[in-house]
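**Q** pasting the structure only:
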């Protein structure tokens with residue numbers, strides 16, 4: 001048996017030394033997972049000076065070792081939080097990021113009651129599932145190219161029992177039955193320029209390349225192909241909202257403007273960085 005608070009403190013120090021940005025939070029979440037306790041139960045146990053069973057301590061030490069090696073926290077716990085959802089994720093699927101959550105607010109602001117919303121490049125399906133949970137009146141659809149990621153998306157939909165159509169296929173050919181009928185298209189496509197290697201090991205070594213790289217030196221080939229399909233899907237006056245790298249806050253809206261979109265602009269994320277290109281199909 002081992003003293004709980006000292007174990008948490010040592011784990012946080014280990015993670016901090018490995019460059020983890022939130023070492024204390026990660027240490028607590030890993031212990032919740034290893035011990036099968038909620039955050040509140042863990043806080044109560046620490047306050048009461050509880051000790052950790054030996055088999056749990058062994059399991060926890062192995063998890064901390066993996067996290068210190070920069071295996072994503074979400075791969076170790078199998079869970080990722082996105083808005084009000086808890087999603088299942090793991091190797092082979094892009095881990096949803098907090099900065100993406102704002103795209104749901106932006107999309108819902110433009111979605112009429114009973115309207116149609118499509119998510120292109122859906123990954124584990126955080127965007128369409130969050131949309132449907134918060135706006136059950138909408139008809140929501142998502143598409144994902146990777147068969148592995150599609151399996152995660154479909155499993156998340158089924159577990160959450162949300163009525164969202166999710167299909168496996170290329171976004172550039174998405175939903176031929178919805179051409180000209182969609183009110184809002186959302187997308188977080190691959191957009192990292194080819195040859196630009198992400199700094200964070202969690203991204204570089206564990207996120208699938210198919211979800212990262214935009215297919216050209218500026219990273220915009222795939223986003224613009226996806227935008228072209230969005231143009232076909234949207235009704236006149238419909239809105240596209242697309243996430244991008246912070247260095248693409250001018251280039252992506254400009255490219256959309258040249259391809260016939262109107263009212264193009266860029267929206268910052270909650271940290272003030274350029275993050276979402278917004279554009280409207282001409283009426």
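**A** That came in fine, so what should we check first? Every value quoted in this text rests on a predicted model; they were computed, and no experiment measured them.
**Q** Next one: the residue most central in space within the chain relative to residue 192, how far apart?
**A** Centre of the chain computed as the mean C-alpha position; nearest residue by C-alpha atoms, centre = their mean is residue 96, 2.0 Å away. From residue 96 over to residue 192 the distance is 16 Å, taken as C-beta to C-beta, to the nearest Å. C-beta: built from backbone N, CA, C; applies to glycine.
**Q** Any regions of the stretch 1-150 of the chain where pLDDT drops low?
**A** Along the stretch 1-150 of the chain, the model assigns pLDDT under 70 to residues 1-2.
**Q** At which residues are the strands of it located?
**A** Ranges of strands in the stretch 1-150 of the chain, per DSSP state E, counting those that start in this stretch, are 2-3, 51-52, 79-82, 85-88, 116-120, 139-144.
**Q** Return the most buried member of those.
**A** Among the strands of the stretch 1-150 of the chain, ranked by average contacts under mean count of other C-beta atoms under 10 Å, first place goes to strand 116-120 (a mean of 28).
**Q** Provide the contact partners of it at residue level.
**A** 107, 111, 125, 127-128, 131, 138-143, 171, 174-175, 178, 181-187, 189, 226, 229-230, 233 (C-beta atoms under 8 Å, 6 or more residues apart in numbering).
**Q** Drop anything exposed from those residues.
**A** Those of these that meet the buried threshold are 107, 111, 125, 127-128, 131, 138-143, 171, 174-175, 178, 182-187, 189, 226, 229-230, 233, by 16 or more other C-beta atoms under 10 Å.
**Q** these two touch, right, residue 269 and residue 99?
**A** Yes: using C-beta atoms under 8 Å, residue 269 is in contact with residue 99, at 4.7 Å.
**Q** Name the helix or strand for residue 231, please.
**A** helix 221-233 (DSSP states H and E).
**Q** and the closest residue to residue 280 other than its chain neighbours, what element?
**A** Nearest residue to residue 280, sequence neighbours excluded (C-beta to C-beta, 6 or more residues apart in numbering): residue 263, at 4.3 Å. For residue 263, the enclosing helix or strand under DSSP H and E is strand 262-268.
**Q** follow-up on the earlier one: my read: the residue nearest to the centre of the chain touches residue 124, true?
**A** Yes: between residue 96 and residue 124 there is a contact at 6.4 Å, judged by C-beta under 8 Å.
**Q** For the stretch 101-250 of the chain, which segments count as helices?
**A** Taking DSSP state H, counting those that start in this stretch as the test, the helices found in the stretch 101-250 of the chain are 102-109, 126-134, 147-160, 201-206, 221-233.
**Q** and residue 278, which of those is closest to it?
**A** For residue 278, the closest of these is helix 102-109, at 7.0 Å, according to C-beta to C-beta.
**Q** Next, the buried residues of that closest one.
**A** Applying a neighbour-count criterion of 16+ other C-beta under 10 Å, one finds 102-104, 106-108 buried in helix 102-109.
**Q** Among the residues you listed, list the two that are farthest apart in space.
**A** Within these, 102 and 108 form the most distant pair, 10.8 Å apart (C-beta to C-beta).
**Q** Quick one: end-to-end length of stretch 72-90, please.
**A** End-to-end distance for stretch 72-90, by C-alpha to C-alpha, to the nearest Å: 9 Å.
**Q** and it, how far out from the chain's middle?
**A** Relative to its parent chain, stretch 72-90 has a centroid offset of 10 Å by C-alpha atoms, centre = their mean, to the nearest Å.
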